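Enquirer: fold the following, please.
(4 chains)
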Protein chains: 2
Amino acid sequence: MWSDAIPDPAAQQEIKRKAIIRAAAQAFSRQGSHSVTLDDVAKRLGVSKAALYRYIPNKHSLILACQDEALDIAGQALARAISEQGTGLAKIRQSLRLYLLDTIEQLGVPALILEDNALRGDDAARILQKRDSYESRMRELVSEGCADGSILPVEPKMAVFMLLGAVHWVAKWYRPDGRWSPETVADTIVGLATRALEPAPTSTLAIHLPQDQAREDRHAF
Amino acid sequence: MWSDAIPDPAAQQEIKRKAIIRAAAQAFSRQGSHSVTLDDVAKRLGVSKAALYRYIPNKHSLILACQDEALDIAGQALARAISEQGTGLAKIRQSLRLYLLDTIEQLGVPALILEDNALRGDDAARILQKRDSYESRMRELVSEGCADGSILPVEPKMAVFMLLGAVHWVAKWYRPDGRWSPETVADTIVGLATRALEPAPTSTLAIHLPQDQAREDRHAF
DNA sequence: GTTGCAATCTAACGCCCGTTTGAATAGCCT
DNA sequence: AGGCTATTCAAACGGGCGTTAGATTGCAAC
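Expert: Just a heads-up that it's a prediction; the model follows:
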């Protein structure tokens, strides 16, 4: 039983570990894990790269931890969405929306893109299985939507690929200090992408600042 | 005036150079340019990595050449689509469809994803400008579609991000030896994604093999 | 055959970056 | 104050990979 005033050293460790994962995730999601050096990650945190090794055993495990975290967020978002009432399409919408918002909040980056080649070893297989399970459950939601009439007849695999492409791509162009809030981005992108699946879409979309402010945006191709 | 029987040595050079770019593009689009070694590229072509240097000055220029090629294809697809009759949405559909089909045919990979961090130097600025120009013209097509009523009122930037996300993501999961032909993939993904922009979608989609064949697909998250 | 050029190879060089080592610093307990 | 532990750092080590050098092979011209 620890007093709040006396910080638990183990908890301190965990806080710093999370900070490292967060910093790494932000760098990885844009540049790809292989082109990010531990020096890059350390500089974001204002420490030397050697200091990282008190919290992580090596770079590969850091990559795994990032993927693990992102997949946990995705899985939890999916679970929450499934537990709520609504059509298959509504659940898909909610799960993707939560995924974007939670990754931004917890990792500081909207979605974490996996390069499967970056994964090796036994843990890698676990991550891949986790990802496959997530995508599989998403496809089931599509099938559910087809059955309940909220989604037009589509190939579930293709539909999920399309949705995840639109959603994961956000990581390439979203800027925390940009014009749009996380909520605006999540609602607009998910709203648009899922509209593609409506049998006869009637949903309207919030329109955000149609006038183009002359800002120099460097975003991904 | 060369005879067909006597191959022009300069042309031979160019053919091999193109083969290198193609092999590199396939590797880059999946793994990211930074995690692909020149040995990887050389092995795909059955030569040693030193042999590559007769055709490219260095790795960075190879990355640039891949981006250049992909952007040329994208730009030409856009130009062809614009020159044809039709609504703004129809032009967007056509340009994206051609982009996927042409990159698969010419580069052997559907879309080439840019990691802007991989680019350096003066040529890099040229590539970024080319990409910005392409995206800007895409946004204009969205505005055109809004005006002619083929597209519902949306923020053009977001709409283009959503479309390009769905389209570029194909590079992560498409397999040449897979279940779907390039045409099927292009039609389905572009058909789905652009449906999101229809004011009141009535378009139907071809449905391909809804039954799931028990194939083990390893695709990107 | 011999010469010359093009193409490719193997082997080595050197830098970058992940990882380790050992010392320096800062807080906490008695 | 003095020791103990937890953190952090600068510096060095070592492997991987881009790049270069020099040798080898193959082919065309004469």
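
Enquirer: next to DNA strand D, which bits of chain A? Give me the list.
Expert: With the criterion set to Cβ under 7 Å from any atom of the strand, chain A comes near DNA strand D through A:9, A:12, A:13, A:16, A:42, A:46, A:47, A:48, A:50, A:51, A:54. To be clear about C-beta, it is placed using only N, CA and C from the backbone, and glycine gets the same treatment.

Enquirer: put the alpha carbons of the strand or helix carrying the third one into PDB.
Expert: Following DSSP states H and E, the helix or strand that holds residue A:13 is helix A:9-31. C-alpha atoms of helix A:9-31 as PDB (Å, rounded to 0.1, in the frame of the first residue of the first chain):
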ATOM      1  CA  PRO A   9       9.800   3.200  -8.200                       C
ATOM      2  CA  ALA A  10       8.500   0.400 -10.300                       C
ATOM      3  CA  ALA A  11       5.700   2.700 -11.400                       C
ATOM      4  CA  GLN A  12       8.200   5.300 -12.300                       C
ATOM      5  CA  GLN A  13      10.000   2.800 -14.500                       C
ATOM      6  CA  GLU A  14       6.700   1.900 -16.200                       C
ATOM      7  CA  ILE A  15       5.900   5.600 -16.800                       C
ATOM      8  CA  LYS A  16       9.300   6.100 -18.500                       C
ATOM      9  CA  ARG A  17       8.900   2.900 -20.500                       C
ATOM     10  CA  LYS A  18       5.600   4.200 -21.800                       C
ATOM     11  CA  ALA A  19       7.100   7.500 -22.700                       C
ATOM     12  CA  ILE A  20       9.800   5.800 -24.700                       C
ATOM     13  CA  ILE A  21       7.200   3.700 -26.500                       C
ATOM     14  CA  ARG A  22       5.200   6.800 -27.300                       C
ATOM     15  CA  ALA A  23       8.100   8.700 -28.600                       C
ATOM     16  CA  ALA A  24       9.200   5.700 -30.700                       C
ATOM     17  CA  ALA A  25       5.600   5.100 -32.000                       C
ATOM     18  CA  GLN A  26       5.500   8.700 -33.300                       C
ATOM     19  CA  ALA A  27       8.700   8.300 -35.100                       C
ATOM     20  CA  PHE A  28       8.000   4.800 -36.400                       C
ATOM     21  CA  SER A  29       4.600   5.700 -37.800                       C
ATOM     22  CA  ARG A  30       6.000   8.300 -40.100                       C
ATOM     23  CA  GLN A  31       9.400   7.100 -41.100                       C
END
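
Enquirer: now for the next helix or strand after it, which elements pack on it?
Expert: Remark: after helix A:9-31, the chain's next helix or strand is helix A:38-45, criterion DSSP H and E. Judged by 3 or more Cβ pairs under 8 Å, 6 or more residues apart in numbering or on different chains; DSSP states H and E, helix A:38-45 is in contact with helix A:9-31, helix A:49-52.

Enquirer: just to revisit the earlier point, between the residues of chain A next to DNA strand D, which has the most around it?
Expert: Counting neighbours by other Cβ atoms under 10 Å in any protein chain shown, residue A:42 leads these with 18 neighbours.

Enquirer: just checking, that residue touches residue A:51?
Expert: Yes - between residue A:42 and residue A:51 there is a contact under Cβ atoms under 8 Å: 6.7 Å.

Enquirer: for residue A:140, find the nearest of the helices and strands packed on helix A:38-45.
Expert: Closest to residue A:140 of these is helix A:9-31 (Cβ to Cβ; 26.8 Å).

Enquirer: the closest one close to chain B?
Expert: Yes - using Cβ under 8 Å from any Cβ of the partner chain, helix A:9-31 reaches chain B at A:30, A:31.

Enquirer: could you pull out the buried residues of that helix?
Expert: Using 16 or more other Cβ atoms under 10 Å in any protein chain shown as the test for burial, helix A:9-31 gives A:16-17, A:20-31.

Enquirer: and that helix, what does it pack onto?
Expert: Using 3+ Cβ pairs under 8 Å, 6+ apart: helix A:9-31 touches helix A:38-45, helix A:59-83, helix A:88-107, helix A:170-173.

Enquirer: of those helices, which approaches residue B:117 most closely?
Expert: Here helix A:38-45 is closest among those (Cβ to Cβ), at 10.2 Å.

Enquirer: and that closest one, what's its mean pLDDT?
Expert: The average of the pLDDT scores along helix A:38-45 is 96.

Enquirer: I would like the residues contacting it, please.
Expert: Outside of helix A:38-45, the residues within contact range by Cβ atoms under 8 Å, 6 or more residues apart in numbering or on different chains are A:19, A:20, A:23, A:24, A:26, A:27, A:48, A:49, A:51, A:52, A:59, A:62.

Enquirer: how far away is the closest residue to the fourth one other than its chain neighbours from chain B?
Expert: Computed as Cβ to Cβ, 6 or more residues apart in numbering or on different chains, the closest residue to residue A:24 that is not its neighbour in sequence is residue A:41, at 4.9 Å. Plainly put, residue A:41 is 14 Å away from chain B if you go by Cβ to the nearest Cβ, to the nearest Å.

Enquirer: just say which of the helices and strands packed on helix A:9-31 is most tucked in.
Expert: Between the helices and strands packed on helix A:9-31, helix A:170-173 has the highest mean count of neighbours, a mean of 23, where neighbours are mean count of other Cβ atoms under 10 Å in any protein chain shown.

Enquirer: so that one, near chain B or not?
Expert: Yes - residues of helix A:170-173 contacting chain B under Cβ under 8 Å from any Cβ: A:170, A:172, A:173.

Enquirer: quick one, the helix holding residue A:13 and helix A:88-107 angle?
Expert: Inter-element angle recorded for helix A:9-31 and helix A:88-107: 110 degrees (by axes from the mean of the first three to the mean of the last three Cα atoms, to 10 degrees).

Enquirer: I'd like the mean pLDDT over helix A:9-31, please.
Expert: Across helix A:9-31, pLDDT averages out at 90.

Enquirer: and that helix, does that touch DNA strand C?
Expert: No - for a cut-off given as Cβ under 7 Å from any atom of the strand, helix A:9-31 has no contacts with DNA strand C; the smallest distance is 9.1 Å.

Enquirer: the inter-axis angle of that helix versus helix A:59-83?
Expert: 90 degrees.

Enquirer: DNA strand D versus the most centrally placed residue in chain A, what's the distance?
Expert: Most central in chain A under Cα atoms, centre = their mean is residue A:111, positioned 2.3 Å from the mean C-alpha point. Applying Cβ to the nearest atom of the strand, to the nearest Å, the value for residue A:111 to DNA strand D is 27 Å.

Enquirer: let me see the backbone angles for residue A:53.
Expert: phi -70, psi -10 (degrees, to the nearest 10).

Enquirer: what's the local residue count around it?
Expert: Residue A:53 - counted by other Cβ under 10 Å - has 12 other residues nearby.

Enquirer: what residues are up against residue A:71?
Expert: By Cβ under 8 Å, 6+ apart, the contact list for residue A:71 reads A:127, A:130, A:131, A:134, B:221.
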